[in-house]
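Enquirer: Here is a sequence with its predicted model. Questions after.
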Amino acid sequence: MKLKIQTIFLILASISGVLFAVFVPPNEVPDEDAHFARVYDIASGNIIPSQAVILPGEFLNILEEYHIRFGKARAIDSHKYLDGLNATESLLAQPGIHVATHYSPINYLPQVVGIVIGNAFNWNTRWVFLIGRLFGLGFYICITYTILSKSLFLNHSLLVLFAMPMTVYLAASYSADGVLLALSFLYIHLIINNSFSQTKLSTKQKLIFTGLGILLALTKQISLLLILLLLAIPTIRFGSLKKKMFFMGTQFFISTCVAIWWISITSSNFSTPSESVMPGAQLAFILSNPVSLIKMFFSTLIAMTEFYSKGFIGFFGWLTTPMPDFTYILFAAALIMAIVRDMQETRHLGFQQTIIFSGAFLLYIFATVTSMYILWTPYRSAVAQGVQGRYFIAVFPLILYVLTSFKFFDIPNIINKALTTLIIGLVSCVLILGLQTIYLKFFVLCGEYYYTPTLAGGCGLPQQLQTESPDTIIGQLDRPFTQTFIAECNDLHTVSFLLAPSTGERIGYLNVLLVDETDGTVIFNKKAFVPKVVGRNWKTFYFSPLPDSKDRKYSIQISPEEHHISAAALGAITISDTYLQGELIGADFSGDLIFSYRCPYGFRYDLKNLIGR
C-alpha cells in the first residue's frame, strides 16, 4: 500500500519528536529554563508575566543537573537518565526564584496543558517536564499534518521543512517557537488555499483569518507582516478592491492593537543584554543614516551565512551542538529534490502572487535583522547580533512556493517516483543523524568529535575522574607523584600531565612510569626533561595502542631523577583551565596535577576497525 506524504510525515515526526523530547536533556534548548519558568507560571494561573518566577526545587534541580553549557564537558549515564523518570521526589529540594520570558500565554498553551495534567495526576518532576514537551510536539504535528493533508501542492517541499531536525527539535521542547511555527505555517497554508478559488469569502473564513492574525501578533509581533499575504487572495473573493483593503486594514489594525497592548503590559520586563546596547540611539542612528542600515543588513547576511544556515537546519543545545557538516549537504540535496519534484505539479503561483510572496519573505527577513540590530546590538556595530537561523523558519514556505512556481522542464513519472523515494530517504537520514548528534553530544564521552576528530587525534580523558587527596599539597617536583585511573576506552595510546610555571631556576629530569595495575605489566619507563616553564606546557608520552585497555586499571608515576625541580610545578593556575584537558588532583590552587589520556576515537576509527574485521 502506497503511503501518503502526510502519513510519512506523521511517522517520521512522531518517532523523531518523541526521541528528541526524551533524550534532549532538560534545558538543552536555547533559553528553555526561562521558557519553562513562564510555562509553569501560566499553569499556576499567572497570565501576566513577571520577571522572576518561584519554581519547585525539583524543577530547579533538573534544569541545572544536565545543563552543560557553562560546566565541565561530561557524558550523561543514559541508564541513570532514563531511570530518573521513575525516581521518587526529594522532600529536601527547596523552591527558588528563576528568570522567565515575557511571551504571551499563546506561545505555551500546549505545554501548559501538559503540565496541568501531569500535576493533576501527581506524576514526578521528570514526567511532568516530559509531558509538557510531548504536548508541544503533539500540537505541532496536528497542525502540520492537517496542512499536508489539505495542501493543494508543494507537499514534498513542505515535508522536508516540517520534518527538518530544527523544527521537530523546537516543537518537542518548551521553546516559544513551536506554536509560532505551527500558526505561521497554518496562516500561509490558508492564504494559498484561498488564492485558488473565485467564490466569495464567508464570514467564517474572515473570522478565521482575523483570529489567526491576532494569535500571530501575540506570539511574535513581527508576524504582523504575514497579514500582507492577504493581497495574494483574488479581489473577487472580497467583492471589490475597496472591501479587500478594508478587511486587510481592519485585521492589521486589530492585530496591531493587541500586539501593542501586550507590549505595554510586558515592557517593564525588557532589558538590553549590555550597557553598550542603546535602542533609542541605535534607532536615531539608522534613521539619520539609512544607507548604513542597508550595509548592515547585507554585511550581516554575508558574515553569518554559515551560522544562519546551520541554525536553520539543525543547531542544538545552546548553539553548542551542530550536526556533522555532511548532514547539511544531505538536507540541501533533499530540499533541492523536493523543489524540483514540486515543480512538476499542475498548480503554481501566478506572477502577482509570486511578487507578493517574495516581497513578504524579504520584508520579514529585513525586519527581523533590523529589529535585532536595534534591540540587541551594540551601538553602531557593523553587523546585527542575536539573530539565529531558526528565526527564518516561520516564513520559509513563502520562498518554497515561489521557487516551485518556475517549471523549466518536464520529468517522466518514473523519475518523479524515484525522487519521492529519495526525498523520504534523505529526510529520514537527516533526522537520524540529528538524533545521533544529540546522543553523541550528551551521552557519549567526546561524542561531539565522532565525525570531526580533535587536532590531537583522539578523545581526551578522563572527564569524570574522582579527585584524589594527597597528604600534602602538590607543588614543586620534589617527590614522586602517582595517579591511578581506569581506562574508559580501548587502544589507549597517550598519557599526558601539565606543567605550570613555578618559582626558582632549578631544572632537571623526571622519570615517568606507566604500569598496568591489573597484571603489573610496565607499559613504558621514560625520562623527560623539565625546562623552566613559561605558560602551560603539556608533557605527552606516546606508546603502542593497548587493544584491551578498557576497564583496566593503570597508574602513572612521576618522580624527579635526582633533586627537586623548582622551575616548574605539576598543575595550573585556575580550576577552569582543567575543563577540557583532564581532572584536578589535589588542592584547588596552583600546584595541582592535571592529567589526561587519549584513545583513538571517531567514525574513521570505527570504520577502520569494521573493515579490519
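Expert: The structure has been received and is ready for your questions. Only a predicted model underlies this, so the values are computations on that prediction, with no experimental measurement involved.

Enquirer: so how far is E32 from the spatially most central residue of the chain?
Expert: Central residue of the chain (CA atoms, centre = their mean): F316, 2.1 Å from the mean position. Applying CB to CB, to the nearest Å, the value for F316 to E32 is 11 Å. Where you see a C-beta, it was placed from the backbone N, CA and C, and this is true even at glycine.

Enquirer: Show me the helices in the stretch 401-550 of the chain, by range?
Expert: Using DSSP state H, counting those that start in this stretch, the helices of the stretch 401-550 of the chain run over residues 413-443.

Enquirer: so where is it shaky, pLDDT-wise?
Expert: 453-476, 536 (pLDDT under 70).

Enquirer: What ranges does it have for its strands?
Expert: Along the stretch 401-550 of the chain, counting by DSSP state E, counting those that start in this stretch, strands occupy 459-461, 476-477, 481-486, 492-501, 508-516, 521-530, 537-546.

Enquirer: Make CSV from the ones you listed and add mean neighbour count and distance to A303 to it.
Expert: Output for the strands of the stretch 401-550 of the chain, formatted as CSV (neighbours: other CB atoms under 10 Å; distance: least, CB to CB, whole Å):
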stretch, mean neighbour count, distance to A303
strand 459-461, 22, 32
strand 476-477, 22, 48
strand 481-486, 18, 44
strand 492-501, 21, 36
strand 508-516, 18, 47
strand 521-530, 13, 45
strand 537-546, 14, 34
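
Enquirer: L224 is nearest to which of those?
Expert: Counting by CB to CB, L224 lies closest to strand 459-461 out of the strands of the stretch 401-550 of the chain; the figure is 49.4 Å.

Enquirer: thought L183 was touching L212?
Expert: Yes: if you go by CB atoms under 8 Å, L183 and L212 touch, sitting 6.5 Å apart.

Enquirer: neighbour-wise, which of those two wins?
Expert: Per other CB atoms under 10 Å, whichever of L183 and L212 has more neighbours is L183, with 24 against 20.

Enquirer: can you give me the mean pLDDT across the helix or strand hosting that one?
Expert: Using DSSP states H and E, L183 falls within helix 177-194. Per-residue pLDDT values over helix 177-194 give a mean of 96.

Enquirer: what is the rounded mean pLDDT of the helix or strand following it?
Expert: As assigned by DSSP H and E, the chain's next helix or strand after helix 177-194 is helix 203-219. In this model, helix 203-219 carries a mean pLDDT of 95.

Enquirer: next one: the helix or strand following helix 203-219 to chain centre, how far?
Expert: Using DSSP H and E, the next helix or strand after helix 203-219 towards the C-terminus is helix 241-266. Taking CA atoms, centre = their mean, to the nearest Å, one finds the center of helix 241-266 at 33 Å from the center of the full chain.

Enquirer: the inter-axis angle of helix 241-266 versus helix 203-219?
Expert: 30 degrees (axes from the mean of the first three to the mean of the last three CA atoms, to 10 degrees).

Enquirer: Would you mark the buried spots in helix 241-266?
Expert: Using 16 or more other CB atoms under 10 Å as the test for burial, helix 241-266 gives K244, F247, M248, Q251, F252, S255, T256, V258, A259, W262, T266.
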